[in-house]
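*Asks:* Show me the folded form of this:
(chains A and B)
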Amino acid sequence: MNQNTQQSAHILVVEDEAHIAQMIEATLQLGGYTCENCADGAEAVDKIFSGGYDLILLDVMLPGLDGFGVMERVAGLDVPVIFLSAMQQVTDKVRGLQLGAEDYIAKPFEALELLARVEVALRRRGKGDPVLVYRDIQQDLGSHTVTRAGVPVALSPKEFELLRVFLQHQDLALSREKLLALVWGYEFAGETRTVDIHVQRLRQKLGLADKLVTLPRVGYRLEK
Amino acid sequence: MKLWQKIFLGTLALMVLCTSLLTLLFVRESWQTVWDEQLDRALTQQQYLARLIKTGVVSTRLQNGLMMLDADAADAAAVRSASSQLTDEFLLQLGLYRGGQPLERPVDGCTDAMAGADDAAAEVPGTLYEFSRGAEGAVLVCSLPFTAEQQAYRLVCRFSVQAGVDRLAGQSLRLVAVSLTVSLAGAGLLVVVVRTMLRPLHNLSRTARRIAGGDYAQRLELTSGDELAGLAQDMNRLARAVQQRVEQLENTAESQKTFTANMAHEMKTPLTSILGFADLLQLQKQVPDEQRMRYAGIIVEETRRLRSLSGKLMELLAVENRNLVLAPVDLPALFQEVATAIQPLLAGSRLRLEEYCQPMVVNGDRELLKSLLYNFLDNARKASPAGGKLVLAGRPRKGWAEICIRDYGRGIPASELDKIRQPFYMVDKSRARKAGGAGLGLTLCEQIVRIHGGRYEVDSRVGQGTLITLYLPLAGSETQEDAAHEA
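*Replies:* Model prediction:
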């Protein structure tokens, strides 16, 4: 999706529902990740021990050895794990996190939510993308700086985050609600008008007027 | 106040009252005896004295050789004779009276009546006595009339009865001491006995508290065979009833929780695919045709799965909330109806249904029974290979309608047999889903069979097929009434 080769993290998806596995795979490919699928707990343990994965997406309800069982066995390895579960009990979530999981995503989830959580987990482990590049714009996530044609551009924290979301999801239609959720957080009860104002400022500061297009009734898209 | 204290004090009061009454009675009796004895002794001695005086007067007359003594001479003889009598501890004083006047010294405590003031009026003068207490202690004054030389005299004596009174007091004291000792000993014994008998009460209340605290497995062990043991038995029954009810409630709550959790999972799984793929279609600027078709296909398939799940859930809800009206249902007719209804489905898998039923009638809800047979047959269809055969057969047997649903399909592994009745359980998940299963068919069947007071058994061998034997109570039979009663 962008020119930085560091983005291609390899992810193991442990999920016994074939359709969900396919969906996750397609979503991860959209985020520029490569992935591998596995439908069985015991097999997943073997695969994780053989190494080569930057992140594990682990379903809790698996035939045979369940997700918690897998987690217990691979807890010694330093591989970040994100649980996926249809169970919404808080105890399940707590148990998952206590076992050392990086995050816990409740099903059903949206594609962008999955990508955002994966990205956060990878970045926390230093495997994320430190510098995002789009044409002459460079966004350094490590030093929190943005340059356009080598000239630094001053952005507010929310503008910076919004730019990151656009750069990471180029060519995708992002609704105002999703942008609000991804930048301001899922708990933020703000108005979508906030998004419009920030998009407007990004366009001005970075000269993206014709690339950061408005999709009627949907939201925005950063064209490649 | 505690029970043992009440029993103890009550019995003690009664006992003290009894012993006191007894003592009182006894003291009275002894008093009478002692009194009689003292009086007897006094009177005897007085009569003896009177005789002596009389003898003294007579001997004086004889010595003087007279036919008769005159009054003054007789008086003098009597006084002389009386004064020669010695007084002692018992006899304190004695004196003679004639016509109410003392002949010599008057006796202390002598009344006019005793002195003989009223004797002239009386036909026969009587013996008089009086008891009194004074400085000398208890004193008895007796007055005895006698005649000598045709003169009426009265001999008045004063006796000391203090010794008798002292003896009586000593006796009474001993009696009181004995009765007190007996009362105290009885009380002590009573405390021990009462407390021993009431000890099981402590056990009872301790156990009752434990049961109330939630330890419903607690039981009392009392073998005394009295009312307390009976109470313990009652409490055990109570605890058992509570325990059973609580377990029942817990089981119900547990199975409801499991049901809800499973249902959430079964609903969220297709939802996850649908949301994910729809999202992918919406997010991307351009989706290749092949991908779009695949995503849309999956969305349609998963939506169907949700539809089938919600349909089954609705059916289940309907069975649970249905106002059940049992009416006679003719089974052969019902079989034909079900066979016709399922025919298109069977034709799709090129399956043949053999159906026969002996004439019989059950009481039931026609629609639910149809749904029951349909569901069993649908399960049989899903397990059967194309071109196979299914059997639906019915016959009456010992008050029950015995209905067999047989397939010659895949069969169920023995290890799975006890799980298949659980809601949302599927032996082969992916296969069941492809066939449109939601894992609720047998749950539905179970509900319908239960409200009809029937049961069913599953016999299955891997590779040889499955036999479902369903028992429903026949209309008008005793089993029907029993089942209705139980339901």
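*Asks:* give me the residue from the stretch 1-150 of chain B nearest chain A.
*Replies:* In the stretch 1-150 of chain B, the residue found nearest to chain A is B:K2; the distance is 48.6 Å by C-beta to the nearest C-beta. No exception for glycine: its C-beta is placed from N, CA and C like everyone else's.
*Asks:* Report the separation between that residue and B:A185.
*Replies:* Computed with C-beta to C-beta, to the nearest Å, the distance linking B:K2 and B:A185 is 22 Å.
*Asks:* where are the low-confidence patches of chain A?
*Replies:* A:1-7, A:88, A:127-129, A:186-188 (pLDDT under 70).
*Asks:* Enumerate the residues of it near chain B.
*Replies:* Along chain A, the residues adjacent to chain B under the rule C-beta under 8 Å from any C-beta of the partner chain are A:16-20, A:22-24, A:26-27, A:30, A:61, A:63, A:86-89, A:107-112, A:169, A:171-174, A:218, A:221, A:223.
*Asks:* The residues you listed in helices, which ones?
*Replies:* With DSSP state H as the criterion, helices contain A:A18, A:H19, A:I20, A:Q22, A:M23, A:I24, A:A26, A:T27, A:L30, A:A111, A:L112 from among the residues of chain A next to chain B.
*Asks:* Grab the nearest non-local neighbour of the fourth one.
*Replies:* Sequence neighbours aside, B:I298 is the residue nearest to A:Q22 in space, at 7.1 Å (criterion: C-beta to C-beta, 6 or more residues apart in numbering or on different chains).
*Asks:* just the second one next, same as before
*Replies:* Distances taken as C-beta to C-beta, 6+ apart put B:S273 closest to A:H19, at 4.0 Å, once the chain neighbours are dropped.
*Asks:* Which helix or strand contains the one you found?
*Replies:* For B:S273, the element it lies in under DSSP states H and E is helix B:227-283.
*Asks:* Could you give the number of residues near the residue nearest to A:Q22?
*Replies:* Burial measure for B:I298: 21 neighbouring residues, criterion other C-beta atoms under 10 Å in any protein chain shown.
*Asks:* correct me, but it touches A:A18?
*Replies:* No - with contact taken as C-beta atoms under 8 Å, B:I298 and A:A18 are classed as non-touching, separated by 9.2 Å.
*Asks:* Show me the helices in the chain, by range?
*Replies:* I went with chain A, as the question did not name one. Ranges of helices within chain A are A:18-30, A:41-50, A:67-74, A:90-98, A:111-124, A:157-168, A:176-179, A:192-206, based on DSSP H.
*Asks:* my bad, chain B
*Replies:* With DSSP H as the criterion, chain B has helices spanning B:3-64, B:71-83, B:112-115, B:162-212, B:227-283, B:289-321, B:331-348, B:366-383, B:429-434, B:441-451, B:478-486.
*Asks:* what packs against the fifth one?
*Replies:* The helices and strands touching helix B:227-283, judged by 3 or more C-beta pairs under 8 Å, 6 or more residues apart in numbering or on different chains; DSSP states H and E, are helix A:18-30, helix A:111-124, helix B:162-212, helix B:289-321.
*Asks:* between those helices, which one is nearest to B:A401?
*Replies:* Closest to B:A401 of the helices and strands packed on helix B:227-283 is helix B:289-321 (C-beta to C-beta; 19.6 Å).
*Asks:* tilt between the closest one and helix B:227-283?
*Replies:* Our comparison of helix B:289-321 with helix B:227-283, counting by axes from the mean of the first three to the mean of the last three C-alpha atoms, to 10 degrees, yields an angle of 150 degrees.
*Asks:* Give the rounded mean pLDDT of helix B:289-321.
*Replies:* When pLDDT is averaged along helix B:289-321, the result is 88.
*Asks:* tell me which residues in it are buried?
*Replies:* Of the residues in helix B:289-321, those buried by neighbour count under the rule 16 or more other C-beta atoms under 10 Å in any protein chain shown are B:295, B:298-299, B:301-302, B:305-306, B:308-309, B:312-313, B:315-316, B:319.
*Asks:* Among those residues, which one lies nearest to chain A?
*Replies:* Of the buried residues of helix B:289-321, the one sitting nearest to chain A (C-beta to the nearest C-beta) turns out to be B:I298, at 5.1 Å.
*Asks:* what residues are up against the closest one?
*Replies:* B:I298 is in contact with A:H19, A:Q22, A:M23, B:S273, B:F277, counting by C-beta atoms under 8 Å, 6 or more residues apart in numbering or on different chains.
*Asks:* go again using 7 Å as the cut-off
*Replies:* With contacts defined as C-beta atoms under 7 Å, 6 or more residues apart in numbering or on different chains, B:I298 is in contact with A:H19, B:S273, B:F277.
*Asks:* would you turn the residues you listed into TSV with distance to B:I403 and neighbour count?
*Replies:* Formatted as TSV, the contacts of B:I298 follow (distance: C-beta to C-beta, whole Å; neighbours: other C-beta atoms under 10 Å in any protein chain shown):
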residue	distance to B:I403	neighbour count
A:H19	38	23
B:S273	39	27
B:F277	44	26
